[in-house]
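>>> Okay, predicted coordinates and the sequence, questions at the end:
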Amino acid sequence: MNKEIVASTMKLKLVSGKDAKDQPVYASKSFKGINPALSDDDMLAIGMALSTLQSLPLADVLRTDITEMSA
């Protein structure tokens, strides 16, 4: 089986506040069309840099890859 990552999305998970039980509440910003060849380390660095442009603090940088498989 051959497989290839054909698309990637980066999501910034941001802390938007706390709920009644003092647990964090999250908001997110998604960036589609990320080059799938980008390394995880590079995506993390870019996500952290982009988070400095946000008004909410960063909790996590998430990556979603779409993989195409063929026989």
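Right, received. Where do you want to start?
>>> Leaving out the residues flanking it, which one is nearest to P57?
Nearest in space to P57, with sequence neighbours left out and distances taken as Cβ to Cβ, 6 or more residues apart in numbering, is V15 at 4.9 Å. All C-beta spots, glycine's among them, are computed from the backbone N, C-alpha and C.
>>> looking at it, the one you found is touching S51, isn't it?
No - assessed by Cβ atoms under 8 Å, V15 is found out of contact with S51, at 10.7 Å.
>>> quick one, which of these two is more surrounded?
With neighbours defined as other Cβ atoms under 10 Å, V15 and S51 compare such that S51 has more, 18 against 14.
>>> Can you name the helix or strand that the residue nearest to P57 falls in?
In this assignment (DSSP states H and E), V15 forms part of strand 2-18.
>>> How about A49?
helix 40-51.
>>> Confirm that A20 sits in a helix.
No - when classified by DSSP: H, G, I helix; E, B strand; the rest coil, A20 is found to be coil rather than part of a helix.
>>> State the phi and psi torsions of it.
phi -60, psi -20 (degrees, to the nearest 10).
>>> what about it, how many neighbours?
As a burial measure, A20 scores 5 neighbours (other Cβ under 10 Å).
>>> can you pull the contacts of the closest residue to G17 other than its chain neighbours?
With sequence-adjacent residues excluded and distances taken as Cβ to Cβ, 6+ apart, G17 is closest to V25, at 4.7 Å. V25 makes contacts with V15, S16, G17, K18, D19, as judged by Cβ atoms under 8 Å, 6 or more residues apart in numbering.
>>> pLDDT score for V25?
According to the prediction, V25 has pLDDT 98.
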